[in-house]
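Student: Just the structure for this:
(2 chains)
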Amino acid sequence: MQDLLSSLVSVAFHGLAYGMILYVISVGLSVTMGLMGFVNLAHGVFAMAGGYVMLSAMNSYGVPFPIAVAIAFIAVAVASMVLERLLYSHLYTAGELEQVLFTIGLIFMSVAIARLVYGTLPQPVRLPDYLTGQLHFLGRDFPTYRVFLIVFSISIVGLLWFGVERTRWGAMVRAAVDYRAMAQSVGINTARLFTLTFALGSGLAALGGGLGAEIIAIQPTYPFEHLVFFLIVVAVGGLGSLRGPFVAALLIGVADTACKYWVPEFGAFFIFFATIAVLLWRPEGLFGKAAA
Amino acid sequence: MTHAGGYIADPRIRAIEWLPWVLVVLCFFVAPTYLPLGSYVLTMIIFALSLDLILGYGGIITLGHSAYFGTGAYAAGIFAVRVTGEPLLGLLAGTLAAGLLGLITGIVILRTRGLALLMLTLAITSLCFEIANKATSWTGGADGLGGFTVQPILGLFKFDFFGKTAYLYCLAVLFVCWWLVRRLVYSPFGASLTGVRENNVRMHAVGAPVYQRLVISYTISAALAGLAGALLTQTTQFVGLKVLGFELSGELMVMLILGGVGRIYGAFVGPLVYLVAQDYLAKQFPEYWYFGIGMMLVLVVMFARGGILGIVDAGIARLRRRSA
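Tutor: Numbering: from 1, shown residues only, chains lettered A, B, ... in the order given. Modelled structure (predicted):
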């Protein structure tokens, strides 16, 4: 009984950490897809880039951890803004197929660049001393870094939700998601809104990629390997919403951890199966609005 | 995306349509050392044709067509291990298995559109991959499935070391597939399929059985993909997990886009150019190779949406205008 309880707590804890990281990475994808209707398969590239920027800042230049995280966020957000203006913005009106092909092309290029610069091996993660070790809590030990991840992600999610629900910028984003033409006609500069939102989403992905480097290893195949999970979070949660992907990410995080713990012989089988079932039941996702 | 292909009134085979076949047969005599690569190219042409049928004509965007290719490949391999090494029966097994999977999944997923459909195709491939990865007693898992022998075709033609038989075998199968796809595309069925691609709502409005057409074409496409997979299994005498991977679906899409979507011969040109280039470049500069592929995709989407054949068409049109 004691064993079962402790493994339940452990699975819930690690699943929560994994789910939070998945959410921080994927939430930008949900917003950009909902806002612009753009099928951005290359979203994982920003997460990978964030991981590489953070780890090389720490490993090669000795930058302290908090600053490295900030650098990753800013660098990727700025880079994605440039990409959005130069390339993405030309394809908003194009068909789904073009968007899919274009973003697959970006994935291929980023994989090649990552391999050229960093080689094929996963990047080592060296955490600062104050984040290693265990925290003693309620008679159990929890890895400090995972606790930090969960707390940090929750605060980011809180900030994001506050931003979207309570600020003027958030109101504009919600207006543009609901009815873009109307938002434009009341004088909202949707093009600029898109660029900023895209940059924020990519920056968050970079944050997730960097912070989660210990859970999801940073290596060149990253955008391909984990794309399915990012997309599942968004598709199952529902496009354009913040809450849907949150629920979906936590479900996936816990379910995946539980499967790996108790039935490793099935791998990710249940996740994919559940995804198919949910999408057949509700094609627009758990919290999505019916397709326009 | 501008599609050049579709229903035409005159379905007779034009003279130029024999050109690829002449070239393919010529290759057999001119470049005997490249026959194994040639067999692979022919196999991928079949695979690309199957994708062209649903993507180019039906307008179904899928990221998971390798599910059917892989199912066919594994079905043929398992059939050879457990039942018999007779190649034609093996092909049949691969085709039927993939076609059945295509029918079942098609019935289920083709009710959705857009992102949900894209996700479902991806999820199904991932599911198949996990099954093949974990059911090691049947599939060999990550080690792959090998150690089976493929008997001579019809009991007459043995698979030889130089790949001559394999090449001609692939050629014959490709010819049958090409004939079938061509018949299908130029039939009223193909016309209604093109209609669905061009304007789904209007096809519903004129009373066309859209869903049924899509399911049928999806099933046929899956069966063809399975056939290609079975062919690969028999010519290489090995099945690896790669046949079910997302990368293969991506690469296939690249090949088809490169050649030109929705025009049958795009599926011929794309794999040929892609795989020959890969054979030369990928071994020497693997990093640059993937970068080049990505770059090319971005450029094709930005500037040349018809692929190579689209560029050729535009060139011919310009020449005509100048001479007129």
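Student: the helices in the stretch 151-292 of chain A, which residues?
Tutor: A:168-178, A:180-185, A:190-211, A:222-225, A:227-237, A:243-262, A:269-281 (DSSP state H, counting those that start in this stretch).
Student: how about the closest residue to residue A:58 other than its chain neighbours, secondary structure?
Tutor: Sequence neighbours aside, residue A:68 is the residue nearest to residue A:58 in space, at 4.7 Å (criterion: Cβ to Cβ, 6 or more residues apart in numbering or on different chains). From N, CA and C alone the C-beta is placed, and that goes for glycine too. On the three-state scheme (DSSP: H, G, I helix; E, B strand; the rest coil), residue A:68 is labelled helix.
Student: I'd like to know which residues of the stretch 201-324 of chain B are adjacent to chain A.
Tutor: B:246-247, B:250, B:253-254, B:257, B:261, B:286-291, B:293-298, B:300-302, B:305 (Cβ under 8 Å from any Cβ of the partner chain).
Student: Tell me the confidence at the residue nearest to residue A:58?
Tutor: Residue A:68 carries a pLDDT value of 93.
Student: any low-confidence regions in chain B?
Tutor: Counting by pLDDT under 70, chain B has low-confidence residues at B:1-10, B:324.
Student: now the helices for it?
Tutor: B:19-30, B:35-51, B:66-82, B:87-109, B:114-134, B:136-139, B:164-185, B:188-198, B:200-205, B:210-236, B:246-259, B:266-284, B:286-303, B:307-323 (DSSP state H).
Student: so which of the ones you listed gets nearest residue A:270?
Tutor: When these are compared by Cβ to Cβ, helix B:114-134 sits nearest residue A:270, at 9.4 Å.
Student: And that closest one, what does it pack against?
Tutor: Contacts defined by 3 or more Cβ pairs under 8 Å, 6 or more residues apart in numbering or on different chains; DSSP states H and E place helix B:114-134 against helix A:96-118, helix A:227-237, helix A:269-281, helix B:66-82, helix B:87-109, helix B:246-259.
Student: Looking at these, which is nearest to residue B:175?
Tutor: helix B:87-109 (13.9 Å).
Student: Compute the inter-axis angle for the closest one and helix B:210-236.
Tutor: For helix B:87-109 against helix B:210-236, the angle by axes from the mean of the first three to the mean of the last three Cα atoms, to 10 degrees is 150 degrees.
Student: now helix B:87-109: how far from the chain's centre is it?
Tutor: Distance of helix B:87-109 from its chain centroid, counting by Cα atoms, centre = their mean, to the nearest Å, is 14 Å.
Student: Are there helices or strands packed against that helix, and which ones?
Tutor: helix A:269-281, helix B:66-82, helix B:114-134, helix B:210-236.
Student: ranking those by burial, who's on top?
Tutor: helix B:66-82 (a mean of 28; mean count of other Cβ atoms under 10 Å in any protein chain shown).
Student: Quick check: which of the helices of chain B is buried the most?
Tutor: Greatest burial across the helices of chain B, using mean count of other Cβ under 10 Å, falls to helix B:66-82, with a mean of 28.
Student: center of chain B, which residue is that?
Tutor: residue B:47 (1.5 Å; Cα atoms, centre = their mean).
Student: Help me confirm that it comes into contact with residue B:72.
Tutor: No: between residue B:47 and residue B:72 there is no contact under Cβ atoms under 8 Å: 9.5 Å.
Student: Between the two, which contacts overlap?
Tutor: Listed as contacting both residue B:47 and residue B:72 by Cβ atoms under 8 Å, 6 or more residues apart in numbering or on different chains are B:225, B:228-229.
Student: Relative to chain A, which of those is nearest.
Tutor: Closest approach to chain A among these (Cβ to the nearest Cβ): residue B:225, at 18.5 Å.
Student: Pretty sure residue B:50 is one of the things the closest one touches, is it not?
Tutor: Yes: between residue B:225 and residue B:50 there is a contact under Cβ under 8 Å: 4.3 Å.
Student: any residues in contact with both of the two?
Tutor: Shared contacts of residue B:225 and residue B:50, counting by Cβ under 8 Å, 6+ apart, come down to B:65, B:68.
Student: how about the residues of the stretch 101-250 of chain A near chain B?
Tutor: Going by Cβ under 8 Å from any Cβ, the residues of the stretch 101-250 of chain A near chain B are A:101-102, A:104-113, A:115-116, A:224, A:227-228, A:231-232, A:234-235, A:239.
Student: before we move on, the earlier item: redo the helices of chain B as TSV? Include distance to residue A:80.
Tutor: Converted to TSV, the helices of chain B look like this (distance: least, Cβ to Cβ, whole Å):
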stretch	distance to residue A:80
helix B:19-30	43
helix B:35-51	31
helix B:66-82	30
helix B:87-109	32
helix B:114-134	21
helix B:136-139	40
helix B:164-185	41
helix B:188-198	33
helix B:200-205	33
helix B:210-236	36
helix B:246-259	22
helix B:266-284	29
helix B:286-303	16
helix B:307-323	29
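Student: Which one of these lies nearest to residue A:135?
Tutor: It is, among the helices of chain B and with distance given as Cβ to Cβ, helix B:114-134, at 34.6 Å.
Student: now the closest one against helix B:66-82, angle please.
Tutor: Going by the same axes, to 10 degrees, helix B:114-134 makes 20 degrees with helix B:66-82.
Student: C-alpha coordinates for helix B:114-134, PDB please?
Tutor: What follows is helix B:114-134 as a C-alpha-only set of coordinates in PDB (Å, rounded to 0.1, in the frame of the first residue of the first chain):
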ATOM      1  CA  GLY B 114      -8.200  20.500 -41.400                       C
ATOM      2  CA  LEU B 115      -6.000  20.200 -38.400                       C
ATOM      3  CA  ALA B 116      -8.000  17.300 -36.900                       C
ATOM      4  CA  LEU B 117      -7.500  15.300 -40.000                       C
ATOM      5  CA  LEU B 118      -3.800  16.200 -40.100                       C
ATOM      6  CA  MET B 119      -3.400  15.200 -36.500                       C
ATOM      7  CA  LEU B 120      -5.300  11.900 -37.000                       C
ATOM      8  CA  THR B 121      -3.100  10.800 -39.800                       C
ATOM      9  CA  LEU B 122      -0.100  11.600 -37.700                       C
ATOM     10  CA  ALA B 123      -1.400   9.800 -34.700                       C
ATOM     11  CA  ILE B 124      -2.300   6.700 -36.700                       C
ATOM     12  CA  THR B 125       1.300   6.600 -38.000                       C
ATOM     13  CA  SER B 126       2.700   7.000 -34.600                       C
ATOM     14  CA  LEU B 127       0.400   4.300 -33.300                       C
ATOM     15  CA  CYS B 128       1.500   1.900 -36.000                       C
ATOM     16  CA  PHE B 129       5.100   2.800 -35.300                       C
ATOM     17  CA  GLU B 130       4.700   2.000 -31.600                       C
ATOM     18  CA  ILE B 131       3.000  -1.300 -32.400                       C
ATOM     19  CA  ALA B 132       5.800  -2.300 -34.700                       C
ATOM     20  CA  ASN B 133       8.400  -1.200 -32.200                       C
ATOM     21  CA  LYS B 134       6.900  -3.100 -29.300                       C
END
